Structures are given as structure tokens and as C-alpha cells.
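okay, here's the prediction I keep looking at, along with the sequence it came from:
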Amino acid sequence: MRRLTWFNATSLTLGFAFLYIPMIVVIVYSFNESRLVTVWGGFSTKWYGELLRNESFLDAAWVTFQVGFFSSIIATILGTMGAYVLVRGGRFYGRTLFSGMMYAPLVMPEVITGLSLLLLFISIGLDRGMFTIILAHGTFAMCYVSVVVSSRLVSFDRSVEEAALDLGCTPFEAFRLVTLPIIAPAVISGWLLALTLSLDDLVIASFVAGPSATTLPIKVFSSIRLGVSPEINALSTILIGIVTIGTIAASLSTKRSVMRRQREERMAEQAG
Amino acid sequence: MNMRRFSLIAVPYGWLVLLFLVPFLIVFKISLSDVALSIPPYTPTLELSEGWGGFRDFLSQLDFENYEFLATDDLYWKSYLSSVQIALISTTICLLIGFPMAYGMANAPKEWQPTLMLLVILPFWTSFLIRVYSLIGILSQEGMLNQFLIWVGIINEPLTILNTNIAVYIGIVYTYVPFMILPIYATLIKLDGSLLEAAEDLGCSRTEAFWRITVPLSKAGIIAGCFLVFIPALGEFVIPSLLGGSETLMIGKVLYEEFFSNRDWPVAGAVAVILLLILIIPIVLYQRNEQKMMEADT
């Protein structure tokens, strides 16, 4: 009953053209010899060289990387704990407030999150810099991690955990030996999401970053305001390339593990 | 209650209270403070050492003058209205583009579906800022879009698109359309094809079957997609500030400028509180829809 009509094919083609043409144009023009961004002056990779010699971009990239690394670890640990508390924690005082706070940052406009954290840091007298960006990113990303992890926790068979407890595991051992391996894929994708969110974030970072720490998005934003430039095209191409490779690799590895599981299930059926 | 369970709950709980709840209470407090004195130290400050008397003094000095200011100044309520309008129109356009795409994906051959899915997810993982940036080159006066339209012969003179509200609409639709496609696709793929067959056997035309079966059964996905676009679009800052012009009034941009350019923190606080009040309605509706979807799944 499902068949691809002409209408379906046209809407898919036009839709994907809309999504991809702007990015493809950026990639093509990053190899443009000319500084003019609308005139093709021949193939060249010189803008990549310019980019790699630009100290301020490299510094910003290093700051962004450190912030992403530490904040995504914080977010993954806290988010996993939070998800476990929400799904397995049972009743405790203030549970509604807790689940509300876990959920709210997902829908909170970034300008408000940024503003409120900045006002907090100012009122407790914390110097703004890399540390404050890490705190801010860890906080809003932990909620995303918690959503990813709790959807996995909800769907898995609880009796496995109970069996471990019956067989003499302490709750912590049961978590480490049984629960954690089962939810590990969700924890890893939560961590990747937290990392991406942190590397991408402009608004929150520009509120809570002091003059001492400039992240790559802040740097890119301020140079975009001056207009399109071939260096930014080159930088965009590198970032798009990394994301593309990462996404394709992730989807191939999921596909392979699904196929392996199907094969194992078939073999188990035949054996039984 | 053992120690381990207590700390498991207390650590994320305490973290969120400290870095989410308290900051928001500070915003709320500053929005009720005085304009001139609010770059720290703000007045009034809460003197805990003075006990209850200090608390009463603190309360009596708070006032709603920033909110009165918002109500009387045209700029603010115009920005709220125009944010709502821009978010609504962009959500509608996203639906008009997203639904046919999701429908096409659901009807595509099984072996294409993972690739099509990958094509939708890829922009989602790509830097938001880079994607908005890629539009600047397309939409500018001498950009690709104008060159194309002139080449085709639709227009003779380049159109001004960049730095207008049209560019903001295009920007929001471009960046948020994957959020519309994914939930709709998720409901369409679960739709039982035999229902459509039954409808056609019973004499429905294809179009009629589409409107009476496919659309109602994908309602939950449509609603989820609409809120996933509408909620972030309402407080959007990056798109209006990079693609919009001076005519573009969006509240996220106003808040940012109020804070950084005018350095009027109490007014920025009040703008934030009202923006949240506006958002509460769609957020609650969205959560209800999610719950309904969860119940339908089990």
C-alpha cells in the first residue's frame, strides 16, 4: 500500500535541495581562489591555510574543545544520575520539583538561561571565564542526557536488575554490572549530544563567558556580523565534514549491531 | 533511607537548585528592583542578618515599575506580538514543507529509509550557527538566489531579502524543519497500511483516504512537531540578529540588546519573566500531547 508517488518524490527532492544547497554552496566557495565570495576565481585551498595560521581561531577552538570535554562529562554523570533517580528512585520529598527542573531547561529560551546564570555568577562574585561556561553547559546539557538515558531505562526489563539483587549483588554492584552495560549505548549517545550542544552553543556562552574565554561560536558570530568570508567558509567546511563523517559512522555501527543481534537471535532460535 | 540513595538524589537535585532555580529567582528579583541602582549592588538587597524585619523591608522596596514600563513602551509589546507572529507563521511554513517530506519518506522503499533519515538528521547535528551563516551567502543582494532568479528571468533587479523579516522566516524554517519532519515521520511509519487499503476498498478516493485516515492518525506527530518549532522560534536570538534587519522585532534579540547594549538589567529581567509566562501555555500543551502519545504507545 505504500508507494512512492510523483508528489512524494518531488517533495523529497525539493525539500532536501532546500536543506542541502546552502551548505553545499559554503563548501564549494571555501575552495574559491578569490576573496570575493560571489565570484568564482578558480580552485584553491589557501583559505584553509589562512585559517590554520589564524591564532585567534585556534585559541577559540582550544577553549571550545576544553569546555565541551569537561561540560559533557559533568552533564553525562549528572544526567544519568538524574534519569536513574526519576525512573527508579521511587518517591521522595520534592520529586515534582525535581522532574520539573530536569525538564524545564529543554524548553527554556537560551537567552533566559544565559541571563539567569550570568546574574547568579555576578551575585556570588564568581569570575567569568572557562569555568563558568563549563558550569552553564553542564547544567543545560544534563537535562538532554537525562531524556536520552531515561527513555532507555523505561524500556528495559527490570527483572534482570532484581535477579542480580536476589543473587546477592549490592544495589551499587547491580547498577554497575547489570544496569550500566544495558544503558551504555544511551549514555554514550547522551554524551555525544551533550558534547555537540556545548560545541555549538553561542547564546549561553556569550552571556557567561568573560573577556578571558572566547569560544569558537562567539568568535564565528562576531566575524559573521562583518559579512561572509572565505575563512569562515573553510571553517564551516571542516565542521560539516566532521559531523558528516561522525553521523555516517554512527549510523553504520548501529546498523551493524542491529544485524549482528538479528543473526544471533536467529541462531538462538535454531539452537533452541 | 541509606546514605547512597540520599546522595544519588541529592547531587543532581542540589546542582539543579543551585544552577537553575536560584538563578531564575535572581532574575525574578532583579526584575522587581530599581533601574538605576541595579548594576551591582542591586537595591534592595536582602539582609538576612536583620531577620524578619530585614525581609519585610526587602519586600516593601520591590515594585512593579519595570513591568509598568514594559506595558507603556511600544517597543516591548510590539516585539512580543511580532515574535509570536513570526513563530506562528514559520511553524505553519515548516508544517507545509515538513509534512510532505515526512510523508514521502514514509512512502519511500524500505531500503531507502535509513539513508533519508540520515539526510534529515545530518543538518540537526551540524552547527546551528554555520547553517544560519550558509543562508547569508544565498540570500544577499548579489547572492545565489538573486542570481538564479535573474537568470531564470523572473526578476530584473536583485531583491533585498537579507536583513528583512522574509530572511528571518526562511532562516527559522531552514533550521527547524528537521524538528517538524522527525516526529511526523515517526507517527506515519507506524501507521497501519491496511487501514488505507480498507478505506479504498470501501470506496474512498486516495485523497479522501489521506484526509480521513492519514492526517488524523498522524495528529500527535504534527502537534509535537509544531511545538518543537514554535517554542524555540519564539525566543530565537541568533536568526533575527544575523538575518533580520532593523524592522525585525523579536523578543530574544530585544532582551539581549537591553542587557548588553543598554545595560538595563531590571528591564531585561522583566522581559525574560514575561517571555516565560507567554511560553508556559505552549509548553504545557506540548507536555500533554507527549503524555497522550506515550499512553497510545503502551
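Alright, I've got the coordinates.

distance from the chain centre to the host helix or strand of residue A:19, please.
In this structure, residue A:19 is located in helix A:6-29 according to DSSP states H and E. Helix A:6-29 has its C-alpha centroid displaced from the chain centroid by 24 Å (Cα atoms, centre = their mean, to the nearest Å).

alpha carbons of stretch A:112-123, as PDB, please.
C-alpha atoms of stretch A:112-123 as PDB (Å, rounded to 0.1, in the frame of the first residue of the first chain):
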ATOM      1  CA  ILE A 112      16.900  33.400  29.600                       C
ATOM      2  CA  THR A 113      19.200  30.500  30.700                       C
ATOM      3  CA  GLY A 114      22.200  32.700  29.800                       C
ATOM      4  CA  LEU A 115      20.900  35.800  31.600                       C
ATOM      5  CA  SER A 116      19.900  33.900  34.800                       C
ATOM      6  CA  LEU A 117      23.200  32.100  35.000                       C
ATOM      7  CA  LEU A 118      25.200  35.300  34.400                       C
ATOM      8  CA  LEU A 119      23.200  37.100  37.200                       C
ATOM      9  CA  LEU A 120      24.000  34.200  39.500                       C
ATOM     10  CA  PHE A 121      27.700  34.300  38.800                       C
ATOM     11  CA  ILE A 122      27.800  38.000  39.300                       C
ATOM     12  CA  SER A 123      25.900  37.900  42.600                       C
END
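
what sits up against that stretch?
A:105, A:128, A:132, A:135-136, A:139-140, A:203-208, B:19, B:22-24, B:26-27, B:30, B:40, B:235, B:255, B:259, B:265, B:268-269, B:272, B:275-276 (Cβ atoms under 8 Å, 6 or more residues apart in numbering or on different chains). Glycine gets a C-beta too; all of them are placed from N, C-alpha and C.

in it, which residues are buried?
Residues A:112, A:113, A:114, A:115, A:116, A:117, A:118, A:119, A:120, A:121, A:122, A:123 are the ones in stretch A:112-123 that count as buried (16 or more other Cβ atoms under 10 Å in any protein chain shown).

now do the buried residues in the host helix or strand of residue B:23.
Element membership for residue B:23, per DSSP H and E: helix B:22-31. Of the residues in helix B:22-31, those buried by neighbour count under the rule 16+ other Cβ under 10 Å are B:22, B:23, B:24, B:26, B:27, B:28, B:29, B:30, B:31.

now do stretch A:207-226
Neighbour-count burial for stretch A:207-226 [16+ other Cβ under 10 Å]: A:207-209, A:213-221, A:223-224.

start and end of it, how far apart?
Stretch A:207-226 has an end-to-end distance of 21 Å (criterion: Cα to Cα, to the nearest Å).

OK, contacts around whatever residue of the stretch 1-150 of chain A ends up closest to chain B?
Nearest to chain B in the stretch 1-150 of chain A, going by Cβ to the nearest Cβ, is residue A:109, at a distance of 2.6 Å. Going by Cβ under 8 Å, 6+ apart, residue A:109 touches B:232, B:234, B:235, B:236, B:237, B:252, B:275, B:276, B:279.

filter the buried residues of stretch A:207-226 down to the ones in helices?
Among the buried residues of stretch A:207-226, the ones falling in helices (DSSP state H) are A:207, A:208, A:216, A:217, A:218, A:219, A:220, A:221, A:223, A:224.

report all helices and strands that the longest helix that chain A contains contacts.
In chain A, taking DSSP H as the definition, the longest helix is helix A:230-271. Helices and strands touching helix A:230-271, by 3 or more Cβ pairs under 8 Å, 6 or more residues apart in numbering or on different chains; DSSP states H and E, are helix A:6-29, helix A:46-53, helix A:216-224, helix B:113-125, helix B:128-139.

all helices of the stretch 101-250 of chain B, in order?
For the stretch 101-250 of chain B, applying DSSP state H, counting those that start in this stretch gives helices covering B:113-125, B:128-139, B:144-152, B:165-190, B:193-201, B:206-209, B:215-217, B:219-234, B:238-243.

right, and these - which one's nearest residue A:62?
When the helices of the stretch 101-250 of chain B are compared for distance to residue A:62 using Cβ to Cβ, the nearest one is helix B:128-139, at 18.1 Å.

show me how far the closest one is from its chain's centre.
The answer for helix B:128-139 is 18 Å, by Cα atoms, centre = their mean.

what about that helix and chain A, touching?
Yes - using Cβ under 8 Å from any Cβ of the partner chain, helix B:128-139 reaches chain A at B:128, B:129, B:130, B:131, B:133, B:134, B:135, B:136, B:137, B:138.

what's that helix in contact with?
Here helix B:128-139 has contacts from A:21-23, A:25-26, A:29, A:37-38, A:200, A:202, A:217, A:220-221, A:224, A:227-228, A:232, A:236, A:239-240, B:123, B:143-145, B:161-162, B:167, B:170-171, B:174-175, B:238-239, B:242-243, using Cβ under 8 Å, 6+ apart.

orientation of that helix relative to helix A:6-29 in degrees?
Comparing the axes of helix B:128-139 and helix A:6-29 via axes from the mean of the first three to the mean of the last three Cα atoms, to 10 degrees yields an angle of 90 degrees.

buried residues in helix B:128-139, which are they?
B:128, B:129, B:130, B:131, B:132, B:133, B:134, B:135, B:136, B:137, B:138, B:139.

what of stretch A:178-192?
Quick answer for stretch A:178-192 (16+ other Cβ under 10 Å): A:178, A:179, A:183, A:186, A:187, A:189, A:190, A:191, A:192.

quick one: is it near chain B?
No - using Cβ under 8 Å from any Cβ, stretch A:178-192 stays clear of chain B, with a minimum separation of 8.8 Å.

what mean pLDDT does that stretch get?
Summarised as a single mean, pLDDT over stretch A:178-192 is 90.

and if you look at stretch A:166-175?
85.

can you give me how far it is from the chain middle?
On Cα atoms, centre = their mean, the centre of stretch A:166-175 falls 32 Å from that of its chain.

same question for stretch B:236-243.
12 Å.

show residues contacting that stretch.
Contacts of stretch B:236-243 (Cβ under 8 Å, 6+ apart): A:109-111, A:202-203, A:221, A:224-225, B:87, B:128-129, B:132-133, B:135-136, B:139, B:162-163, B:167-168, B:170-172, B:175, B:248, B:250, B:252-253, B:255-256.

and what of stretch A:209-220?
Here stretch A:209-220 has contacts from A:56-57, A:59-61, A:63-64, A:67, A:127-130, A:132-133, A:199-202, A:205-206, A:232, A:235, B:127, B:129-130, B:133, using Cβ under 8 Å, 6+ apart.

equivalent analysis for stretch A:236-246, please.
Residues contacting stretch A:236-246 (Cβ under 8 Å, 6+ apart): A:23, A:26-27, A:30, A:48, A:51, B:122, B:125-127, B:130, B:133-134.

for the chain, where's the lowest mean pLDDT among helices and strands?
Since you didn't name a chain, this refers to chain A. helix A:171-174 (a mean of 83; mean pLDDT, DSSP states H and E).

chain B, not that one
helix B:51-61 (a mean of 62).

ok, back up a step: ok, so of the contacts of residue A:109, who is nearest chain A?
residue B:235 (2.6 Å).

who are the contact partners of that closest one?
Neighbours of residue B:235 in contact, by Cβ under 8 Å, 6+ apart: A:109, A:110, A:111, A:112, B:83, B:251, B:252, B:275, B:279.

the residues you listed: which two are farthest apart?
Longest span within the contacts of residue B:235, Cβ to Cβ: A:110 and B:83, 14.2 Å.

which ones are touching the residue nearest the centre of chain B?
With distances taken as Cα atoms, centre = their mean, residue B:232 lies nearest the centre of chain B, 1.2 Å away. When contacts are counted by Cβ under 8 Å, 6+ apart, residue B:232 touches A:109, B:176.
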